[in-house]
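>>> take a look and give me a structure for this.
(one chain, ligands or ions: 1)
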Amino acid sequence: MSHTDAPSVYRADADGFFGEFGGAELPPFLAGPIAEVAVAYDAASQDPGFQEQFQSLLAKYVGRPSLLYFAENLSRELGGAKVYLKREDLNHTGAHKVNHCLGEALLAKRMGKTRLIAETGAGQHGVALATAAALVGLECEIHMGAIDVAKQHPNVVRMELLGAKVVPVEEGGRSLKEAVDSAFAVYASAPEEYFFAIGSVVGPHPYPSMVRDFQSVVGREARAQILETEGRLPDALVAAVGGGSNALGLFDAFLEDESVRIVGVEPAGEGLEGDRHAATMTLGTPGTLHGMRTKVLQGEGGEPSPVHSIASGLDYPGVGPQHAQLEQLGRVEYLSVTDAETLDAFQTLSRVEGIIPALESSHAIAQVMKLAPELPADAVVIANLSGRGDKDVDFVAERLREA
Ligand SMILES: *Cc1c(COP(=O)(O)O)cnc(C)c1O
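Purely as a prediction, here's the structure:
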(Lines give C-alpha, C1' and ligand atoms only; values in the text may rest on other atoms or scores of the structure.)
Protein backbone atom coordinates (compact mmCIF):
# COMPACT_ATOMS: atom_id res chain seq x y z
CA MET A 1 0.00 0.00 0.00
CA SER A 2 1.16 3.52 -0.75
CA HIS A 3 2.41 5.67 2.10
CA THR A 4 1.43 8.90 0.39
CA ASP A 5 -1.87 10.29 -0.77
CA ALA A 6 -0.68 10.08 -4.36
CA PRO A 7 -3.33 8.39 -6.50
CA SER A 8 -2.45 4.77 -7.26
CA VAL A 9 -1.47 3.95 -10.81
CA TYR A 10 -3.94 1.07 -10.44
CA ARG A 11 -6.93 3.39 -10.13
CA ALA A 12 -8.60 5.24 -13.01
CA ASP A 13 -8.28 9.04 -13.17
CA ALA A 14 -11.32 11.30 -12.85
CA ASP A 15 -12.23 10.70 -16.50
CA GLY A 16 -11.99 6.95 -16.14
CA PHE A 17 -8.61 6.51 -17.83
CA PHE A 18 -6.07 3.86 -16.89
CA GLY A 19 -3.12 5.52 -18.60
CA GLU A 20 -4.17 5.83 -22.23
CA PHE A 21 -6.97 3.24 -21.92
CA GLY A 22 -10.54 3.50 -20.68
CA GLY A 23 -12.59 6.70 -20.72
CA ALA A 24 -16.18 7.02 -21.89
CA GLU A 25 -16.51 7.48 -25.65
CA LEU A 26 -20.26 7.61 -26.07
CA PRO A 27 -22.86 9.00 -28.41
CA PRO A 28 -24.61 12.04 -26.87
CA PHE A 29 -27.81 10.08 -26.12
CA LEU A 30 -25.89 7.79 -23.78
CA ALA A 31 -23.35 10.21 -22.26
CA GLY A 32 -25.82 11.78 -19.81
CA PRO A 33 -27.30 8.57 -18.34
CA ILE A 34 -23.86 6.93 -18.00
CA ALA A 35 -22.40 10.03 -16.33
CA GLU A 36 -25.27 9.79 -13.83
CA VAL A 37 -24.18 6.21 -13.03
CA ALA A 38 -20.61 7.44 -12.44
CA VAL A 39 -21.77 10.08 -9.97
CA ALA A 40 -24.03 7.61 -8.17
CA TYR A 41 -21.33 4.96 -7.95
CA ASP A 42 -18.81 7.46 -6.64
CA ALA A 43 -21.18 8.32 -3.79
CA ALA A 44 -22.13 4.69 -3.10
CA SER A 45 -18.51 3.55 -3.00
CA GLN A 46 -17.85 6.02 -0.18
CA ASP A 47 -21.04 5.21 1.72
CA PRO A 48 -20.44 2.67 4.51
CA GLY A 49 -24.15 1.80 4.50
CA PHE A 50 -24.01 0.72 0.84
CA GLN A 51 -20.82 -1.27 1.40
CA GLU A 52 -22.36 -3.02 4.41
CA GLN A 53 -25.47 -3.94 2.47
CA PHE A 54 -23.31 -5.39 -0.34
CA GLN A 55 -21.00 -7.33 2.01
CA SER A 56 -24.02 -8.71 3.83
CA LEU A 57 -25.54 -10.10 0.60
CA LEU A 58 -22.17 -11.61 -0.35
CA ALA A 59 -22.01 -13.39 3.01
CA LYS A 60 -25.62 -14.43 3.44
CA TYR A 61 -26.76 -15.02 -0.13
CA VAL A 62 -23.67 -15.82 -2.22
CA GLY A 63 -22.07 -17.82 0.59
CA ARG A 64 -18.81 -15.89 0.91
CA PRO A 65 -16.01 -16.19 1.73
CA SER A 66 -15.45 -18.84 -0.93
CA LEU A 67 -12.92 -21.55 -0.09
CA LEU A 68 -9.26 -21.33 -0.98
CA TYR A 69 -8.69 -25.00 -1.66
CA PHE A 70 -5.27 -26.68 -1.71
CA ALA A 71 -5.42 -28.96 -4.76
CA GLU A 72 -3.01 -31.53 -3.38
CA ASN A 73 -3.71 -34.21 -5.99
CA LEU A 74 -3.26 -31.82 -8.88
CA SER A 75 -0.10 -30.41 -7.29
CA ARG A 76 1.36 -33.91 -6.94
CA GLU A 77 0.36 -34.83 -10.50
CA LEU A 78 2.05 -31.71 -11.92
CA GLY A 79 5.17 -32.18 -9.81
CA GLY A 80 6.02 -28.61 -8.94
CA ALA A 81 4.35 -25.81 -7.07
CA LYS A 82 1.56 -26.05 -4.52
CA VAL A 83 -1.61 -25.17 -6.40
CA TYR A 84 -4.50 -23.48 -4.62
CA LEU A 85 -7.90 -22.90 -6.22
CA LYS A 86 -10.10 -19.94 -5.32
CA ARG A 87 -13.48 -21.63 -5.40
CA GLU A 88 -15.80 -19.09 -7.04
CA ASP A 89 -17.58 -22.14 -8.48
CA LEU A 90 -19.06 -22.70 -5.01
CA ASN A 91 -20.90 -19.36 -5.02
CA HIS A 92 -24.67 -19.39 -5.33
CA THR A 93 -25.30 -19.65 -9.13
CA GLY A 94 -21.92 -21.38 -9.55
CA ALA A 95 -19.68 -18.57 -10.77
CA HIS A 96 -18.13 -15.20 -9.92
CA LYS A 97 -20.60 -13.10 -11.95
CA VAL A 98 -23.13 -12.98 -9.12
CA ASN A 99 -20.71 -10.76 -7.15
CA HIS A 100 -20.89 -7.80 -9.52
CA CYS A 101 -24.50 -8.39 -10.56
CA LEU A 102 -25.57 -7.95 -6.92
CA GLY A 103 -23.48 -4.79 -6.66
CA GLU A 104 -25.04 -3.35 -9.79
CA ALA A 105 -28.55 -4.29 -8.64
CA LEU A 106 -28.02 -2.55 -5.30
CA LEU A 107 -26.72 0.56 -7.05
CA ALA A 108 -29.72 0.57 -9.40
CA LYS A 109 -32.04 0.37 -6.43
CA ARG A 110 -30.19 3.18 -4.67
CA MET A 111 -30.57 5.33 -7.81
CA GLY A 112 -34.32 4.76 -7.75
CA LYS A 113 -34.39 2.68 -10.95
CA THR A 114 -37.01 -0.04 -11.34
CA ARG A 115 -35.48 -2.22 -14.07
CA LEU A 116 -32.16 -3.78 -14.91
CA ILE A 117 -31.33 -4.17 -18.57
CA ALA A 118 -28.47 -5.97 -20.29
CA GLU A 119 -27.50 -8.05 -23.28
CA THR A 120 -26.24 -11.59 -22.97
CA GLY A 121 -24.45 -13.93 -25.35
CA ALA A 122 -24.40 -17.47 -24.01
CA GLY A 123 -26.72 -16.39 -21.20
CA GLN A 124 -24.39 -16.55 -18.17
CA HIS A 125 -24.56 -12.81 -17.53
CA GLY A 126 -28.32 -12.82 -18.09
CA VAL A 127 -28.86 -15.59 -15.54
CA ALA A 128 -26.63 -13.93 -12.90
CA LEU A 129 -28.38 -10.60 -13.43
CA ALA A 130 -31.86 -12.13 -13.33
CA THR A 131 -30.86 -13.76 -10.03
CA ALA A 132 -29.75 -10.43 -8.55
CA ALA A 133 -32.91 -8.71 -9.81
CA ALA A 134 -35.14 -11.35 -8.22
CA LEU A 135 -33.37 -10.99 -4.88
CA VAL A 136 -33.17 -7.21 -4.77
CA GLY A 137 -36.69 -6.70 -6.15
CA LEU A 138 -36.16 -5.18 -9.58
CA GLU A 139 -37.56 -6.03 -12.99
CA CYS A 140 -35.05 -7.44 -15.43
CA GLU A 141 -34.92 -7.30 -19.22
CA ILE A 142 -32.33 -9.33 -21.12
CA HIS A 143 -31.69 -8.81 -24.83
CA MET A 144 -30.34 -11.83 -26.62
CA GLY A 145 -29.66 -12.54 -30.30
CA ALA A 146 -32.34 -14.84 -31.72
CA ILE A 147 -29.67 -17.35 -32.70
CA ASP A 148 -28.37 -17.44 -29.11
CA VAL A 149 -31.94 -17.78 -27.78
CA ALA A 150 -32.27 -20.99 -29.77
CA LYS A 151 -28.76 -22.26 -28.95
CA GLN A 152 -28.87 -21.51 -25.21
CA HIS A 153 -32.37 -22.67 -24.43
CA PRO A 154 -31.69 -23.82 -20.82
CA ASN A 155 -30.41 -20.36 -19.88
CA VAL A 156 -33.49 -18.74 -21.43
CA VAL A 157 -35.66 -21.02 -19.29
CA ARG A 158 -33.61 -20.09 -16.20
CA MET A 159 -33.91 -16.36 -16.82
CA GLU A 160 -37.67 -16.65 -17.32
CA LEU A 161 -38.06 -18.76 -14.17
CA LEU A 162 -36.19 -16.05 -12.29
CA GLY A 163 -38.77 -13.56 -13.50
CA ALA A 164 -36.77 -11.84 -16.24
CA LYS A 165 -38.11 -10.85 -19.64
CA VAL A 166 -35.96 -12.24 -22.46
CA VAL A 167 -36.09 -10.18 -25.65
CA PRO A 168 -34.97 -12.09 -28.78
CA VAL A 169 -33.20 -9.74 -31.20
CA GLU A 170 -33.99 -10.43 -34.86
CA GLU A 171 -31.86 -7.72 -36.48
CA GLY A 172 -28.71 -8.32 -38.57
CA GLY A 173 -26.68 -11.36 -37.56
CA ARG A 174 -29.17 -11.99 -34.68
CA SER A 175 -26.25 -12.43 -32.27
CA LEU A 176 -24.46 -10.67 -29.40
CA LYS A 177 -23.52 -7.52 -31.33
CA GLU A 178 -27.15 -6.81 -32.28
CA ALA A 179 -28.26 -7.62 -28.72
CA VAL A 180 -25.90 -4.91 -27.39
CA ASP A 181 -27.35 -2.31 -29.80
CA SER A 182 -30.91 -3.33 -28.99
CA ALA A 183 -30.41 -3.16 -25.21
CA PHE A 184 -28.71 0.24 -25.45
CA ALA A 185 -31.53 1.61 -27.61
CA VAL A 186 -34.18 0.61 -25.06
CA TYR A 187 -32.01 1.92 -22.20
CA ALA A 188 -31.58 5.28 -23.89
CA SER A 189 -35.35 5.55 -24.43
CA ALA A 190 -36.04 5.53 -20.67
CA PRO A 191 -32.88 6.01 -18.60
CA GLU A 192 -34.96 7.22 -15.65
CA GLU A 193 -36.41 3.69 -15.33
CA TYR A 194 -33.53 1.50 -16.44
CA PHE A 195 -30.08 0.69 -15.08
CA PHE A 196 -27.73 -0.75 -17.68
CA ALA A 197 -25.83 -3.62 -16.06
CA ILE A 198 -22.58 -4.49 -17.85
CA GLY A 199 -21.26 -8.02 -17.32
CA SER A 200 -17.51 -7.48 -17.00
CA VAL A 201 -14.81 -4.84 -16.42
CA VAL A 202 -15.58 -3.38 -19.85
CA GLY A 203 -17.55 -0.50 -21.36
CA PRO A 204 -17.44 3.20 -20.52
CA HIS A 205 -16.34 4.66 -17.18
CA PRO A 206 -17.42 3.91 -14.42
CA TYR A 207 -18.10 0.24 -15.32
CA PRO A 208 -14.48 -1.02 -15.53
CA SER A 209 -13.71 0.41 -12.06
CA MET A 210 -17.10 -0.40 -10.56
CA VAL A 211 -17.22 -4.05 -11.68
CA ARG A 212 -13.59 -4.49 -10.53
CA ASP A 213 -14.46 -3.08 -7.11
CA PHE A 214 -17.44 -5.43 -6.77
CA GLN A 215 -15.22 -8.41 -7.73
CA SER A 216 -12.23 -7.36 -5.63
CA VAL A 217 -13.61 -9.30 -2.67
CA VAL A 218 -12.18 -12.40 -4.39
CA GLY A 219 -8.57 -11.22 -4.09
CA ARG A 220 -9.01 -9.72 -0.62
CA GLU A 221 -10.27 -13.07 0.64
CA ALA A 222 -7.56 -15.04 -1.19
CA ARG A 223 -4.84 -12.78 0.24
CA ALA A 224 -6.05 -13.26 3.82
CA GLN A 225 -6.59 -17.01 3.26
CA ILE A 226 -3.11 -17.68 1.86
CA LEU A 227 -1.47 -15.60 4.61
CA GLU A 228 -3.41 -17.72 7.10
CA THR A 229 -2.54 -21.13 5.59
CA GLU A 230 0.96 -20.55 4.13
CA GLY A 231 2.08 -17.62 6.23
CA ARG A 232 3.17 -15.72 3.12
CA LEU A 233 2.04 -14.26 -0.17
CA PRO A 234 1.72 -16.52 -3.22
CA ASP A 235 4.43 -16.62 -5.88
CA ALA A 236 1.93 -16.48 -8.73
CA LEU A 237 -1.71 -15.79 -9.55
CA VAL A 238 -3.42 -17.19 -12.64
CA ALA A 239 -6.87 -16.33 -14.03
CA ALA A 240 -8.73 -16.58 -17.33
CA VAL A 241 -9.40 -13.31 -19.18
CA GLY A 242 -12.48 -12.73 -21.30
CA GLY A 243 -13.62 -9.21 -20.48
CA GLY A 244 -11.42 -9.61 -17.44
CA SER A 245 -13.63 -9.38 -14.35
CA ASN A 246 -12.76 -12.60 -12.52
CA ALA A 247 -9.08 -11.92 -13.25
CA LEU A 248 -9.10 -8.36 -11.91
CA GLY A 249 -11.19 -9.55 -8.97
CA LEU A 250 -8.35 -11.87 -7.95
CA PHE A 251 -5.47 -9.60 -9.02
CA ASP A 252 -6.56 -6.29 -7.49
CA ALA A 253 -5.55 -7.01 -3.89
CA PHE A 254 -2.05 -8.12 -5.03
CA LEU A 255 -1.16 -5.42 -7.57
CA GLU A 256 1.07 -3.54 -5.11
CA ASP A 257 2.84 -6.77 -4.04
CA GLU A 258 5.72 -6.77 -6.48
CA SER A 259 6.92 -10.25 -5.51
CA VAL A 260 3.70 -11.78 -6.81
CA ARG A 261 3.83 -12.79 -10.49
CA ILE A 262 0.46 -12.24 -12.14
CA VAL A 263 -0.71 -14.08 -15.24
CA GLY A 264 -3.86 -13.54 -17.31
CA VAL A 265 -4.83 -16.37 -19.66
CA GLU A 266 -6.57 -15.78 -22.95
CA PRO A 267 -8.25 -18.18 -25.38
CA ALA A 268 -5.89 -19.14 -28.21
CA GLY A 269 -8.84 -21.18 -29.58
CA GLU A 270 -7.73 -23.26 -32.55
CA GLY A 271 -4.37 -21.46 -32.66
CA LEU A 272 -3.01 -17.91 -32.83
CA GLU A 273 -1.95 -18.28 -36.50
CA GLY A 274 -5.49 -18.24 -37.91
CA ASP A 275 -8.51 -16.17 -36.92
CA ARG A 276 -10.19 -18.79 -34.71
CA HIS A 277 -9.17 -17.35 -31.33
CA ALA A 278 -10.05 -14.50 -28.97
CA ALA A 279 -6.57 -13.51 -27.75
CA THR A 280 -7.17 -9.77 -27.52
CA MET A 281 -4.26 -8.92 -25.21
CA THR A 282 -1.85 -11.03 -27.25
CA LEU A 283 -2.82 -9.97 -30.76
CA GLY A 284 -5.12 -6.95 -30.40
CA THR A 285 -4.21 -3.33 -31.15
CA PRO A 286 -5.39 -0.10 -29.50
CA GLY A 287 -8.87 0.89 -30.58
CA THR A 288 -12.32 1.86 -29.39
CA LEU A 289 -15.08 -0.60 -28.58
CA HIS A 290 -18.26 -0.38 -26.50
CA GLY A 291 -17.46 3.10 -25.23
CA MET A 292 -13.89 2.41 -24.08
CA ARG A 293 -10.38 2.86 -25.43
CA THR A 294 -8.72 -0.54 -25.10
CA LYS A 295 -7.03 -3.31 -27.02
CA VAL A 296 -9.27 -4.73 -29.73
CA LEU A 297 -9.08 -7.56 -32.23
CA GLN A 298 -10.07 -5.53 -35.27
CA GLY A 299 -10.05 -5.45 -39.03
CA GLU A 300 -8.46 -2.85 -41.32
CA GLY A 301 -11.40 -0.48 -40.91
CA GLY A 302 -11.49 -0.78 -37.10
CA GLU A 303 -14.48 -3.13 -37.08
CA PRO A 304 -14.26 -5.79 -34.33
CA SER A 305 -13.11 -9.15 -35.69
CA PRO A 306 -15.15 -12.32 -35.39
CA VAL A 307 -13.70 -14.28 -32.48
CA HIS A 308 -13.76 -17.88 -31.29
CA SER A 309 -13.21 -19.77 -28.06
CA ILE A 310 -14.39 -23.15 -26.83
CA ALA A 311 -15.53 -21.16 -23.76
CA SER A 312 -18.39 -18.88 -24.79
CA GLY A 313 -17.70 -16.57 -21.82
CA LEU A 314 -14.29 -15.69 -23.25
CA ASP A 315 -15.11 -14.94 -26.89
CA TYR A 316 -14.99 -11.16 -26.85
CA PRO A 317 -12.93 -9.04 -29.30
CA GLY A 318 -12.12 -6.46 -26.59
CA VAL A 319 -10.84 -6.55 -23.03
CA GLY A 320 -11.16 -4.41 -19.91
CA PRO A 321 -9.06 -1.24 -20.29
CA GLN A 322 -7.24 -1.80 -16.99
CA HIS A 323 -5.79 -5.01 -18.42
CA ALA A 324 -4.39 -3.07 -21.37
CA GLN A 325 -2.71 -0.72 -18.90
CA LEU A 326 -1.45 -3.53 -16.62
CA GLU A 327 0.29 -5.08 -19.61
CA GLN A 328 1.81 -1.77 -20.63
CA LEU A 329 3.08 -1.25 -17.07
CA GLY A 330 4.62 -4.72 -17.18
CA ARG A 331 2.64 -5.68 -14.07
CA VAL A 332 0.61 -8.54 -15.58
CA GLU A 333 1.69 -11.06 -18.24
CA TYR A 334 -0.90 -12.26 -20.73
CA LEU A 335 -0.46 -15.76 -22.09
CA SER A 336 -2.85 -17.99 -24.00
CA VAL A 337 -3.92 -21.62 -24.14
CA THR A 338 -5.70 -23.46 -26.93
CA ASP A 339 -9.11 -25.16 -26.96
CA ALA A 340 -7.32 -28.54 -26.89
CA GLU A 341 -5.22 -27.62 -23.84
CA THR A 342 -8.41 -26.32 -22.18
CA LEU A 343 -10.28 -29.59 -22.81
CA ASP A 344 -7.37 -31.50 -21.34
CA ALA A 345 -7.38 -29.29 -18.21
CA PHE A 346 -11.17 -29.68 -17.88
CA GLN A 347 -10.78 -33.46 -17.78
CA THR A 348 -7.66 -33.45 -15.60
CA LEU A 349 -9.16 -31.36 -12.81
CA SER A 350 -12.36 -33.41 -12.91
CA ARG A 351 -10.46 -36.68 -12.67
CA VAL A 352 -7.81 -35.84 -10.08
CA GLU A 353 -9.74 -33.47 -7.79
CA GLY A 354 -13.40 -34.34 -8.38
CA ILE A 355 -14.03 -30.75 -9.44
CA ILE A 356 -15.58 -30.07 -12.85
CA PRO A 357 -14.44 -26.55 -13.86
CA ALA A 358 -16.17 -24.21 -16.30
CA LEU A 359 -14.47 -24.17 -19.71
CA GLU A 360 -13.61 -20.51 -19.02
CA SER A 361 -11.88 -21.41 -15.74
CA SER A 362 -10.24 -24.41 -17.44
CA HIS A 363 -8.08 -21.89 -19.33
CA ALA A 364 -6.51 -20.87 -16.01
CA ILE A 365 -6.06 -24.51 -15.02
CA ALA A 366 -4.42 -25.28 -18.39
CA GLN A 367 -1.91 -22.47 -17.81
CA VAL A 368 -1.21 -23.75 -14.28
CA MET A 369 -0.52 -27.18 -15.79
CA LYS A 370 2.24 -25.58 -17.89
CA LEU A 371 3.54 -23.27 -15.17
CA ALA A 372 3.61 -25.44 -12.03
CA PRO A 373 6.10 -28.06 -13.26
CA GLU A 374 8.65 -25.26 -13.92
CA LEU A 375 8.43 -23.94 -10.35
CA PRO A 376 10.16 -25.17 -7.18
CA ALA A 377 8.16 -27.50 -4.95
CA ASP A 378 7.63 -24.87 -2.26
CA ALA A 379 6.27 -22.27 -4.68
CA VAL A 380 2.63 -21.28 -4.16
CA VAL A 381 0.23 -20.63 -7.04
CA ILE A 382 -3.38 -19.46 -6.77
CA ALA A 383 -5.70 -20.05 -9.74
CA ASN A 384 -9.15 -18.53 -9.93
CA LEU A 385 -11.74 -21.24 -10.45
CA SER A 386 -14.26 -18.70 -11.75
CA GLY A 387 -17.14 -21.13 -12.25
CA ARG A 388 -18.34 -24.70 -12.26
CA GLY A 389 -18.53 -26.79 -15.41
CA ASP A 390 -21.95 -28.42 -15.15
CA LYS A 391 -23.14 -26.09 -17.92
CA ASP A 392 -20.39 -27.46 -20.20
CA VAL A 393 -20.59 -31.23 -19.75
CA ASP A 394 -22.91 -31.98 -22.70
CA PHE A 395 -20.82 -29.86 -25.03
CA VAL A 396 -17.56 -31.44 -23.85
CA ALA A 397 -18.99 -34.95 -24.17
CA GLU A 398 -19.92 -34.18 -27.77
CA ARG A 399 -16.46 -32.76 -28.53
CA LEU A 400 -14.78 -35.82 -27.05
CA ARG A 401 -17.01 -38.15 -29.10
CA GLU A 402 -16.00 -36.32 -32.29
CA ALA A 403 -12.30 -36.48 -31.42
C1 LIG B 1 -18.33 -15.01 -17.90
C2 LIG B 1 -17.30 -15.90 -17.32
C3 LIG B 1 -15.92 -15.65 -17.47
C4 LIG B 1 -15.38 -14.54 -18.31
O5 LIG B 1 -15.64 -13.26 -17.87
P6 LIG B 1 -14.53 -12.34 -17.19
O7 LIG B 1 -15.17 -11.02 -17.11
O8 LIG B 1 -13.33 -12.37 -18.08
O9 LIG B 1 -14.24 -12.94 -15.86
C10 LIG B 1 -15.02 -16.50 -16.83
N11 LIG B 1 -15.46 -17.55 -16.11
C12 LIG B 1 -16.76 -17.83 -15.96
C13 LIG B 1 -17.15 -19.03 -15.16
C14 LIG B 1 -17.73 -17.02 -16.55
O15 LIG B 1 -19.03 -17.31 -16.40
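>>> tell me which parts of the stretch 301-403 of the chain are close to the ligand?
G313, L314, A358, E360, S361, S386, G387 (CB under 6 Å from any ligand atom). Backbone N, C-alpha and C define where each C-beta goes, glycine included.
>>> and the fifth one, what helix or strand is that in?
Which is S361. Element membership of S361 [criterion: DSSP states H and E] is helix 359-371.
>>> helix or strand right after the helix or strand where F50 lies?
Per DSSP H and E, F50 falls inside helix 48-57. Once the chain leaves helix 48-57, the next helix or strand it forms, by DSSP H and E, is strand 68-70.
>>> my guess is A183 contacts L116. True?
No - in this structure, A183 is not within contact of L116 by CB atoms under 8 Å, at 10.5 Å.
>>> need the overlap of contacts for those two.
Counting by CB atoms under 8 Å, 6 or more residues apart in numbering, the contacts common to A183 and L116 are E141.
>>> nearest to the ligand: which residue in the chain?
The nearest approach of the chain to the ligand comes at G387, 2.5 Å away (CB to the nearest ligand atom).
>>> that residue bridge partners, please.
A95 (DSSP bridges).
>>> could you dump the residues of the stretch 301-403 of the chain next to the ligand to a markdown table with distance to L335, pLDDT and neighbour count?
Shown next, in a markdown table, are these (distance: CB to CB, whole Å; pLDDT from 0 to 100; neighbours: other CB atoms under 10 Å):
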| residue | distance to L335 | pLDDT | neighbour count |
| --- | --- | --- | --- |
| G313 | 18 | 93 | 28 |
| L314 | 14 | 95 | 26 |
| A358 | 19 | 98 | 29 |
| E360 | 15 | 97 | 33 |
| S361 | 15 | 98 | 35 |
| S386 | 17 | 98 | 32 |
| G387 | 20 | 98 | 30 |
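>>> for those, work out which two are farthest apart.
Largest separation among these by CB to CB: L314 and G387, giving 11.4 Å.
>>> now for those two: what residues contact both?
Common neighbours of L314 and G387 (CB under 8 Å, 6+ apart) are E360.
>>> spell out which residues of this protein are next to the ligand.
So the chain meets the ligand at 95, 97, 124, 200, 240-246, 313-314, 358, 360-361, 386-387 (CB under 6 Å from any ligand atom).
>>> could you redo the last one with a cut-off of 5 Å?
95, 124, 200, 242-246, 313, 358, 360, 386-387 (CB under 5 Å from any ligand atom).
>>> which residues touch R223?
R223 neighbours (CB under 8 Å, 6+ apart): L233, A253, F254.
>>> what of A164?
Neighbouring residues of A164 by CB under 8 Å, 6+ apart: G126, L129, A130, A133, C140, E141, I142.
>>> dihedrals phi and psi, it?
Note on A164: backbone dihedrals following degrees, to the nearest 10 are phi -90, psi 160.
>>> now do the strands in the chain.
Counting by DSSP state E, the chain has strands at residues 17-18, 21-22, 68-70, 82-87, 115-119, 139-145, 165-169, 194-196, 236-240, 261-269, 285-289, 292-296, 333-338, 380-385.
>>> adding mean neighbour count and mean pLDDT, write these out as a markdown table.
As requested, the strands of the chain are exported to a markdown table (neighbours: other CB atoms under 10 Å; pLDDT from 0 to 100):
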| stretch | mean neighbour count | mean pLDDT |
| --- | --- | --- |
| strand 17-18 | 22 | 98 |
| strand 21-22 | 26 | 98 |
| strand 68-70 | 17 | 99 |
| strand 82-87 | 26 | 99 |
| strand 115-119 | 25 | 98 |
| strand 139-145 | 25 | 97 |
| strand 165-169 | 18 | 97 |
| strand 194-196 | 24 | 98 |
| strand 236-240 | 29 | 99 |
| strand 261-269 | 26 | 98 |
| strand 285-289 | 16 | 97 |
| strand 292-296 | 26 | 98 |
| strand 333-338 | 21 | 98 |
| strand 380-385 | 28 | 98 |
